[in-house]
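>>> no sequence on this one, just coordinates:
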């Protein structure tokens, strides 16, 4: 057992002011993403936590990699038959979060997830290394397996089966596009008076901007 009550840090690297933010959150996300990338100490700037409501009614979070973002939303790829794939099919309301600790920044995105088109999933799948393609085929993600060796033997067999052949994308594997409805930007500040700016999507496609108490 460990008492962590004395674990503290003073956040003093930056600030977030209404006077220097854009009217839509994608532009601010783009700025923050590339600033974190340029800072150089965030190894996987595109790592994000995806939270879903499972078929058992419990929330569950896991880290995946963001593969694209634009005005339409945020795209990641997964096995549609996985636990998160089934959860999204049952309830498409999801939450994405990014924490760039070296920048003392966090972004939280609430949105609706929907499958990308087959063409978009095909294009991304074709860009992957062959090992990753075969891994997507061999893994029945989230299902119980007898051992690590079971997976490795199946992968070896697939490597023989697809030797010098084009590896097709399995139908159960593809992308999700998360359309943002609410985006919150958190900037650590001294004395726990953190900056929190929230964007909420409006019916006219504009964004309502509010400052939240820390």
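Looks like it came in fine. A quick note: this is a predicted structure, and the numbers were derived from the prediction, not measured. Residues are numbered from 1 along each chain as shown.

>>> what helix or strand is the spatially most central residue of the chain on?
Centroid-nearest residue in the chain: residue 48, 3.8 Å away (criterion: C-alpha atoms, centre = their mean). Following DSSP states H and E, one finds residue 48 within strand 47-53.

>>> what's that strand packed up against?
Helices and strands touching strand 47-53, by 3 or more C-beta pairs under 8 Å, 6 or more residues apart in numbering; DSSP states H and E, are strand 59-65, strand 73-79, helix 83-90, strand 93-100. Every C-beta, even on glycine, is put in place using the N, C-alpha and C of the backbone.

>>> Which of these has the highest mean neighbour count?
Neighbour counts averaged per stretch over the helices and strands packed on strand 47-53 are highest for strand 73-79, at a mean of 21; criterion: mean count of other C-beta atoms under 10 Å.

>>> Give me the mean pLDDT for the lengthiest strand in the chain.
In terms of residue count, the longest strand belonging to the chain (DSSP state E) is strand 173-187. For strand 173-187, the per-residue pLDDT values average out at 98.

>>> Sheet-wise, list the partners of it with their directions.
strand 73-79 (antiparallel), strand 105-115 (antiparallel), strand 195-201 (antiparallel) (DSSP bridges).

>>> For the second one, which residues meet the burial criterion?
Residues of strand 105-115 classed as buried by neighbour count (16 or more other C-beta atoms under 10 Å): 105-111, 113, 115.

>>> Can you tell me which of those is closest to residue 64?
Residue 64 lies nearest to residue 113 out of the buried residues of strand 105-115, by C-beta to C-beta, at 11.8 Å.

>>> Distance check, that closest one against residue 167.
Summarising the geometry, the distance separating residue 113 from residue 167, computed by C-beta to C-beta, to the nearest Å, is 26 Å.

>>> cool, and residue 98?
Summarising the geometry, the distance separating residue 98 from residue 167, computed by C-beta to C-beta, is 31 Å.

>>> And residue 75, by the same measure?
The gap separating residue 75 from residue 167 is 21 Å, by C-beta to C-beta.

>>> Same check on residue 18?
Distance, residue 18 to residue 167, by C-beta to C-beta: 49 Å.

>>> now do residue 38
Distance, residue 38 to residue 167, using C-beta to C-beta: 35 Å.

>>> Between the two, point out the one with more neighbours.
The residue with the greater number of neighbours, taking residue 38 and residue 167 and applying other C-beta atoms under 10 Å, is residue 167; the counts read 18 against 9.

>>> could you say which helix or strand contains the closest residue in space to that one that isn't next to it in sequence?
For residue 167, the nearest residue in space outside its immediate sequence neighbours is residue 133; the separation is 4.3 Å by C-beta to C-beta, 6 or more residues apart in numbering. Here residue 133, judged by DSSP H and E, is contained in helix 130-138.

>>> burial count for the nearest residue to residue 174 once chain neighbours are set aside?
Closest residue in space to residue 174, ignoring its immediate chain neighbours: residue 121 at 3.5 Å, by C-beta to C-beta, 6+ apart. Neighbourhood size, residue 121 [other C-beta under 10 Å]: 20.
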